[in-house]
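[1] Got a predicted model here, sequence first, then my questions.
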Amino acid sequence: MISETELAMSKANSYTTGPDENGRFGIFGGRFVAETLMPLILDLEKAYGAARQDPAFLDQLQDLQTHYVGRPSPLYFAERLTEHYGGAKIYLKRDELNHTGSHKINNCLGQILLAKRMGKRRIIAETGAGQHGVAVATVAARFGLPCTVFMGATDIERQKPNVFRMKLLGAEIMPVTSGAGTLKDAMNEALRDWVTNVDSTFYIIGTVAGPHPYPAMVRDFQSIIGQETKHQMLEREGRLPDTLCACIGGGSNAMGLFYPFLDDESVDIIGVEAGGHGIDTPEHAASLAGGKPGVLHGNRTYLLQDDDGQITEGHSISAGLDYPGIGPEHAYLKDTGRVTYVSATDREALDAFQLCTKLEGIIPALEPSHALSHLGKIAPNLPSDHLLVMNMCGRGDKDVFSVAEHLNVDIG
Amino acid sequence: MQQTRLDNTFKHLGESDTKAFVAFVSAGDPDPVTSLKIMHGLPTAGADIIELGMPFTDPMADGPSIQASSQRALKAGMTLKGTLDMVRQFRTDNDETPIVLMGYYNPIYIYGVDAFIYDAKQAGVDGLIIVDLPPEEDEELCIPALNAGLNFIRLATPTTDDARLPEVLANTSGFVYYVSITGITGSASPKRNVVEEAVARVKRHTDLPVAVGFGIRTAEQAEAIASVADGAVVGSALVDVIAESLDSHGRSSPETVTETLKKAQELADGVKRA
């Protein structure tokens, strides 16, 4: 047995020990919620703490991941993208092949099993692009729980296929018109619902943000992405990847890929934020590049805001990325320097979207298209034995209408 | 901690067995000049305590009325600095009425906690209600504010059980704000007997006065609630009057101040009958 001191010392050298008992990653994270919700998130923390150590819970989750979601998702060698860039060997972690078409289901399954375990009778969620909303509506259907999804009115307009999908799955869609009618406003409204329906309702947050324990819990449920990647790469290439790359809105797909590699010093890790029209313009959603630390939606993190501490609206071509904040663990990983954060513009993402479609026969979602576009910036300058993994966290079916519009193509 | 205006107000009201009417308006709603006029008129209209909202883009615990009120104020250019300026101007001819600032943590965090506490104290603020700072985050603002002599008023709610109440009350001062319903401001009105039990429960844990808010809209409700507590807080019903008084361009009209104060007077009369 190792002593407490030894344990503390070994922990000090690790990036994977957070959050602390107060839900902090360094200065980030925490529990900045109204008193009405405080007892609920303390209950949730307790219930999650017990569930994650319960073999029955873990077995059920794994069984569903295998037979319902279709995990493990492949680690695919993107031969033609690799040839095109003429540098690093590019692998795509194919989480877009998951049931429902994105990584969001990984987290939703974990949370709905927890909701059932806690005896909750109703599910609520926020959604931006609708990927999380679809995943929540899916698991709610699968487990027979009524489900209400809060979605900004602007997003409802630009994500019609997903809205219809959610309705087919039996979810009630609540349009949110406050603010700019996007993800931030949907989250406010979901919190208002939760504070009103405390006894019956479980709030399935879709990203690694919100009050503790959400950032850690969502990360844990998404970490299967990185665990599989590690295993698959070792099997395939006999060693760890050299570079990981993922897009970031709230940051759940990125956290899921990055987390199991944080203590592997040889692995370079890059997060790609949504640069909108450019991070030197007011129209972007790059909270780390263009924001500063503040407190919103239950946690302290980097936020897009003005000098008075008023939150400003994010902008991105991708409805899933235009959130003015980011998960607190990413804020911590930026400040410690463990992860490098960059951005890609709407235009760059749109170009990468088309390139990947033509070269690989894979239509990516606009979200991972941001990470794809960054591959184009680094891959050509890396040696051919450099192993580069990008998280293809969602498929682009939902985006074809809005992409057509951006390309001035009328598809009716 | 030395006596504050809040302590004195509740002491005087207690001596005459009268209940406190706490009136909420957002600073700068619908514009800074009109808002200051309303604020000036509130004590005469019967408000014992003014709860002044610090406008924020994302008021997560507030219903549509106060959200809209906050938006109007922000649109009219209100800032946290502007809110403190309003308090300073109010204090030039009113040194008695306690002022409690109510809002969310981010604007204060960005202003700088130490600078904010100093400026708020200088301006004549007596207490703070910060919705998203539960006892778990006391180190952030609550402890420094208490040390500087500002009251920190905590919200206790129906979900705050007996095991948790002592923790919630530990660093609370001035009064306890009991949130009568699980929900957002301005929603369903609370039942008198439920509130009576809840207030009794809180009082088993503290000697502080207990004011009750969320969902009180009429003089009758204010009377009913105040009769089983030490005070009643009304916000949404007041800012709704501001909203209804605006002209077609959303600007204040000649009725904005008079109608708002008339509503305040009605509510105050209700509380005083309790």
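    Structure's in. What do you need? Numbering: from 1, shown residues only, chains lettered A, B, ... in the order given.
[2] Pick out the residue of the stretch 51-200 of chain A closest to chain B.
    residue A:196 (4.1 Å; Cβ to the nearest Cβ). Any C-beta I mention is one placed from the backbone N, CA and C, and that applies to glycine too.
[3] is residue A:248 in a bridge, and if so with what?
    Partner residues in beta bridges with residue A:248: residue A:273, with DSSP bridges as the criterion.
[4] Give me the pLDDT for it.
    In the predicted model, residue A:248 carries a pLDDT score of 96.
[5] Now do the contacts for it.
    Applying Cβ atoms under 8 Å, 6 or more residues apart in numbering or on different chains to residue A:248 gives the contacts A:254, A:271-274, A:288, A:321, A:326, A:330, A:341.
[6] Output the below-cut-off pLDDT ranges for the stretch 1-150 of chain B.
    Scanning the stretch 1-150 of chain B with the threshold set as pLDDT under 70 gives B:1.
[7] Does residue A:52 touch residue A:223 like I think?
    No - here residue A:52 lies out of contact with residue A:223, judged by Cβ atoms under 8 Å, at a distance of 11.4 Å.
[8] Find the centremost residue of chain B, please.
    If you average the C-alpha coordinates of chain B and look for the closest C-alpha using Cα atoms, centre = their mean, you land on residue B:51, 3.0 Å from that point.
[9] Could you say which helix or strand holds that residue?
    Of the helices and strands defined by DSSP states H and E, residue B:51 is found in strand B:49-53.
[10] Which elements pack onto that strand?
    strand B:20-26, helix B:64-75, helix B:80-91, strand B:99-103 (3 or more Cβ pairs under 8 Å, 6 or more residues apart in numbering or on different chains; DSSP states H and E).
[11] Quick one, which of those gets closest to residue A:192.
    helix B:64-75 (9.3 Å; Cβ to Cβ).
[12] thinking again about what came up before, tell me the least confident of the contacts of residue A:248?
    Looking at the contacts of residue A:248, model confidence by pLDDT dips furthest at residue A:321: 88.
[13] State the phi and psi torsions of it.
    phi -110, psi -10 (degrees, to the nearest 10).
[14] Dump the C-alpha coordinates for the helix or strand encompassing residue A:389 into PDB.
    Under the assignment given by DSSP H and E, the secondary-structure element containing residue A:389 is strand A:387-391. Below are the C-alpha coordinates for strand A:387-391, written out as PDB (Å, rounded to 0.1, in the frame of the first residue of the first chain):
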ATOM      1  CA  LEU A 387       0.700   9.400 -36.300                       C
ATOM      2  CA  LEU A 388      -2.100  11.900 -36.300                       C
ATOM      3  CA  VAL A 389      -5.500  11.100 -34.900                       C
ATOM      4  CA  MET A 390      -8.500  13.300 -35.500                       C
ATOM      5  CA  ASN A 391     -11.900  12.700 -33.800                       C
END
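[15] how much space between residue B:36 and residue B:50?
    Using Cβ to Cβ, to the nearest Å, we find residue B:36 at a distance of 12 Å from residue B:50.
[16] okay, and the common contacts of these two?
    Contacts common to residue B:36 and residue B:50, judged by Cβ under 8 Å, 6+ apart, are residue B:90.
[17] got the contact list for residue 98?
    Assuming you mean chain A. A:69-71, A:73, A:105-106.
[18] not what I meant, chain B
    Taking Cβ under 8 Å, 6+ apart as the definition, contacts of residue B:98 comprise B:4-6, B:9, B:48-50, B:126-127, B:174.
[19] So residue B:36 and residue B:50 - more neighbours on which side?
    Counted by other Cβ atoms under 10 Å in any protein chain shown, residue B:36 and residue B:50 do not tie: residue B:50 has more neighbours, with 23 against 18.
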